[in-house]
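Asker: Here is my input, please return the structure:
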Amino acid sequence: MSTTCTAVTALAEEAGDPNQGLTLRLPARLLDEEFGRGRVVRFEDVDFPATLTHEPTRRFLRETGLPEDGILFELDTDIPLRTLAEYYADEHPGAYRRAELPSHVDRLIRLGHFAEGDSLVVDGATGEVWNWSAAEATLHPFDEDVSTLAFSLWLLHRTLGGRGGN
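Answerer: Numbers count the residues shown, from 1 in each chain. Reported below is the predicted structural model:
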């Protein structure tokens, strides 16, 4: 059995832990071993906007973190994390009128961006991960939560990008 299959099997056994509050319980070492410890960003409470109230997401971002560069996705390392509303106010003032942004834009926390310019955001209240398409001004479901996002980035990196921070 390949290393990837073994890891997926081990993670499947951990999936759905109701006490964890996320879909997968990923050990921090999984990302550290794949991306390199220095390339996994772990946040502190002071880095979170007040609208990030979903405790399992806060815990995951503090303890496990996310890779800084996940091949097609690049994490915002402008700490502290900003809501999508703050991001547009700071980086692209006037790009959108408030009515053109999602109604809950103040609780969507921007995690980073894709190569094609779309943003990955997490809903601060629910922990759901969404793709914000700036070109279309639309929000699309992306991943169930940050644990499945991290696993997707791990799997993509393992498949396309090599191991150990390559």
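Asker: Quick one: mean pLDDT over the host helix or strand of residue 155.
Answerer: When elements are defined using DSSP states H and E, residue 155 is found to belong to helix 146-156. Per-residue pLDDT values across helix 146-156 average out to 93.
Asker: Now do the contacts for the most centrally placed residue in the chain.
Answerer: For the chain, the residue nearest the mean C-alpha position is residue 146 (5.0 Å; CA atoms, centre = their mean). Residue 146 is in contact with 22, 57, 60-61, 66, 122, 127, 129, counting by CB atoms under 8 Å, 6 or more residues apart in numbering. To be clear about C-beta, it is placed using only N, CA and C from the backbone, and glycine gets the same treatment.
Asker: Distance of it relative to residue 103?
Answerer: Applying CB to CB, to the nearest Å, the value for residue 146 to residue 103 is 22 Å.
Asker: now do residue 34
Answerer: If you measure residue 34 against residue 103 using CB to CB, the figure is 37 Å.
Asker: and residue 79, that's in a strand?
Answerer: No. When DSSP: H, G, I helix; E, B strand; the rest coil is applied, residue 79 is found to be coil, with no strand at that position.
Asker: Wait, it touches residue 47, no?
Answerer: Yes. Contact between residue 79 and residue 47 holds when scored by CB atoms under 8 Å: they sit 4.8 Å apart.
Asker: if we can go back for a sec, list the ones among the contacts of residue 146 that fall in helices.
Answerer: When helices are assigned by DSSP state H, the members of the contacts of residue 146 inside them are 57, 60-61.
Asker: List the contacts of residue 43.
Answerer: 61-62, 65, 79, 81.
Asker: Distance of it relative to residue 64?
Answerer: Between residue 43 and residue 64 the distance is 10 Å, computed by CB to CB.
Asker: Enumerate the positions of the helix holding residue 155 that are buried.
Answerer: 146-151, 153-154 (16 or more other CB atoms under 10 Å).
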